[in-house]
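Participant: Give me a 3D structure for the following:
(chains A and B)
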Amino acid sequence: MSSHRWPLRKTAGNRLTAMMQVRNEAGRYLEQVLEELSEFVDDIVIIDDGSTDHTAQLCRSFAKVTKLVTLETSLFNREWELRQMLWDLAVSTNPDWLLSVDADEFYEEAAKREMRRLIDQDVYDWVSFRLFDFWGGTTHYREDEHWNIHTKYTRTLVRYLPNFHYFFPKMDHHVPRLPLSYSVLPGFLAELRVKHYGWAVSPEELHRKYSRYLELDPEGRWGSLEQYQSILDEQPHLVEWREEL
Amino acid sequence: MKYLILSGGSWEDYEYKRLLELLPDREEVCFTGRMTREQQTNSQVRAVAAADIYSLNMKQYTILVSSPYWLSEVLSLQAVYVVALLERCPEEEDKWLWDKYSGLLGAKANLAATRSERIYLEQSLRREGVIYLGGDQQESYGVTFQGDRLYFLTDYEVLWRKAILNLWQDSTRSSADWVTIQLELRADYYISMCAKLPSQPVVHYLAASYLYLLGDPAANRYLAQSFELMVLYEYLDCLHSHFRFFSAIEVKTGDLETAVQQYTITAFTAEEKLEAERLQGWLHSGQYELVRAELFRLNENEAAAVRILSSLTTSEAKLLLIQNYIRIFQWEKALELQQELEGSVDGVIEGTIHLLHGRRHEAIRSFLNAAGQDNQAWPLLSEMADLEEAIRRLKRRVEA
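Facilitator: So this is what the prediction gives:
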């Protein structure tokens, strides 16, 4: 594999690689996510962070999953190492562009349609999208003081530039999904949307998630205690999702 | 040895008194600036009026000059050696004019000395023979007797004496020894500061800068740390400053493909993209020296670029050499090469040189020629008037 390429920023023929870290995702959204990704990316690279179910088997069943590394022991409590490992695995395929995807994220139709136009250009090196936290199901997203990530932009799509200096902050939790180094490069803030189904779960599962967050971060070092508490809100403000075709 | 000091005003305000006391083989020191009899007696420095400096036999003198507005005198006096004491622009002066003529003065000097670390680093990237008149070492680095007085010397004072002696002792001998010693001292200082202030990006950047000047590949590690800290603290306007520097470090370690790619990461404007294509073209056609020289220039390390280009004979190399000479104010060399290569010269540069040599009419003619028909001469003539006014102000301060 050559780390030298010319032109560095291609306006056509870019290869798009999706990268994911997964853990015990069987029976959730992973299968659907992989199906959808298979429609618009060229490769999928996955680290299975110590799953005890058949997540790895599910991943292998998709032809576009070209690299899968299964960890015996989870790196969940050393998140920056996990991020770094996934990054190293993804760039070992010498990609042009990388799309960082969680096992419960879905790009809306317009985003999938625009994906090639977003990457086949030489003006910017990353793209951010609007992420919506769906709540309690897949028809509504949550919007209030603590749940408003969709009002900001989240960088998930980046051009891979060999010999650029990539790094992740060495934190145990809440490590950004992509190297912070991209902040110095020009980017594009797309209005395209991503549906996040991580909270699109039953009230019982919301309780379990709340307990897990508090257990991991009882003092609110990595996140806000108020936000953790708001997971249990009985009547959160929900907005109906409208698909834009 | 005899020294002529061209100051910026009065003895009272002169900032380099101790350095004058430490001048090696100090036979006579003449000071052009305001000075009382008592000051002359106490300092054993003789005051000389600006009008009288031409009566000195300059074949015996080294000039120490601390204002760029003495440049015309420096050129016409033709002393054996010139030491430029380069300073940051004082508040009352026009910065653009000061920096330009300080650049020209620095380029004319045999030795450039400065109390500003920023100027020191800039000059070190532009030329050889630069000394930093400051330091952070507390201990004494040596002693010397001047008459019957004993002086404990700081690191830079020892090096100051070496640098001045080096001028006289053997002009063919390299200044590398004392220059390297000072760079090593600065590198050691900043490396130790990185351990004390691990979250300071600027300290890491400076450590990388000195290591780079020393040719130490560890520069890469400190620069990477500086970059990470910059990003963590959200100082995001650092792509050019850091990645062109990474690129120059790669040139020194010999990986030209990586170096070109690192420059290309920073190339977004049409001009920068063209530059990247040009570098890639040279790389493919095996013109590695041009790649090296150009990447050094792009990281503002013209001294390294000039070293490479001076030995090349192609017209492409000579054109690059002209650009470098212009950037480092080696304007007479640039004109000479332009004349040889193109049969014509840059009128603005030619006019400035005429002006500095006191050829006012020729200067105006060059400026008018350079300006063409559409009134572009005005800024050039205005700069000329500003320079003459700055020189008048200097003379008033010196003679008041």
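
Participant: Partner strands of the longest strand seen in chain B and their direction?
Facilitator: Scanning chain B for the strand with the most residues, using DSSP state E, yields strand B:2-10. Sheet pairing here is set by DSSP bridges, and for strand B:2-10 it gives strand B:28-34 (parallel), strand B:61-65 (parallel).

Participant: Now do the buried residues in the first one.
Facilitator: To tie it back to what came earlier, the one meant is strand B:28-34. Buried residues in strand B:28-34, defined by neighbour count with 16 or more other Cβ atoms under 10 Å in any protein chain shown: B:29-34. Using the backbone N, CA and C atoms, a C-beta is placed for each residue, glycine as well.

Participant: Let me know the next secondary structure element after it.
Facilitator: Toward the C-terminus, strand B:28-34 is succeeded by helix B:37-43 as the next helix or strand (DSSP states H and E).

Participant: Show me what counts as buried in that following helix.
Facilitator: B:39, B:43.

Participant: roughly how far out does that helix sit from the chain middle?
Facilitator: 33 Å (Cα atoms, centre = their mean, to the nearest Å).

Participant: by contact count, what packs against it?
Facilitator: With contacts taken as 3 or more Cβ pairs under 8 Å, 6 or more residues apart in numbering or on different chains; DSSP states H and E, helix B:37-43 sits against helix B:17-21.

Participant: Mind listing residues that contact the helix it packs on?
Facilitator: Residues from elsewhere that reach helix B:17-21 (Cβ atoms under 8 Å, 6 or more residues apart in numbering or on different chains): B:3, B:5, B:11, B:26, B:29, B:43, B:45, B:64, B:133, B:146, B:151, B:157, B:160.

Participant: repeat that for 7 Å
Facilitator: B:5, B:29, B:43, B:45, B:133, B:146, B:160 (Cβ atoms under 7 Å, 6 or more residues apart in numbering or on different chains).

Participant: Would you check those residues and say which has the weakest pLDDT?
Facilitator: Lowest pLDDT within these is found at residue B:146 (83).

Participant: With the flanking residues excluded, which residue is spatially nearest to that residue?
Facilitator: Among residues not flanking residue B:146 along the chain, residue B:21 sits closest, at 6.0 Å (Cβ to Cβ, 6 or more residues apart in numbering or on different chains).

Participant: Give me the below-cutoff pLDDT ranges for chain B.
Facilitator: B:170-176, B:373-375 (pLDDT under 70).

Participant: Quick one: the strands in it, in order.
Facilitator: Secondary structure of chain B (DSSP E): strands at B:2-10, B:28-34, B:46-47, B:61-65, B:81-86, B:111-114, B:130-132, B:142-146, B:149-153.

Participant: now for those, which one comes closest to residue A:94?
Facilitator: Residue A:94 lies closest to strand B:130-132 among the strands of chain B, at 43.5 Å (Cβ to Cβ).

Participant: so what does the closest one touch, helix or strand wise?
Facilitator: With contacts taken as 3 or more Cβ pairs under 7 Å, 6 or more residues apart in numbering or on different chains; DSSP states H and E, strand B:130-132 sits against strand B:111-114, helix B:117-126, helix B:155-169.

Participant: Next, report how far that strand is displaced from the centre of its chain.
Facilitator: Distance of strand B:130-132 from the chain centroid (Cα atoms, centre = their mean) equals 9 Å.

Participant: Other residues contacting it?
Facilitator: Contacts of strand B:130-132 (Cβ under 7 Å, 6+ apart): B:111-114, B:117, B:120, B:123-124, B:156, B:159-160, B:163, B:182.

Participant: Quickly run through the sheet partners of it, with directions.
Facilitator: Sheet partners by DSSP bridges: for strand B:130-132, these are strand B:111-114 (parallel).

Participant: What's the end-to-end length of stretch A:25-32?
Facilitator: End-to-end span of stretch A:25-32 (Cα to Cα, to the nearest Å): 11 Å.

Participant: Show the average pLDDT along that stretch.
Facilitator: 94.

Participant: Return the distance of the residue most central in space within chain A relative to chain B.
Facilitator: For chain A, residue A:101 is the residue whose C-alpha lies nearest the centre (Cα atoms, centre = their mean; 2.9 Å). The gap separating residue A:101 from chain B is 24 Å, by Cβ to the nearest Cβ, to the nearest Å.

Participant: could you measure the nearest residue to residue B:241 once chain neighbours are set aside against residue A:155, distance?
Facilitator: Excluding the flanking residues, the one nearest residue B:241 by Cβ to Cβ, 6+ apart is residue B:205, at 7.9 Å. According to Cβ to Cβ, to the nearest Å, residue B:205 stands 26 Å off from residue A:155.

Participant: got the contact list for the top strand by length along chain A?
Facilitator: Of all the segments assigned as strand in chain A under DSSP E, the longest by residue count is strand A:187-196. For strand A:187-196, contacts defined as Cβ under 7 Å, 6+ apart pick out A:104-108, A:110-111, A:114, A:118, A:124-134, A:153, A:155.

Participant: hang on, the earlier thing: nearest to residue A:96, of the strands paired with strand B:2-10?
Facilitator: Closest to residue A:96 of those is strand B:61-65 (Cβ to Cβ; 56.2 Å).
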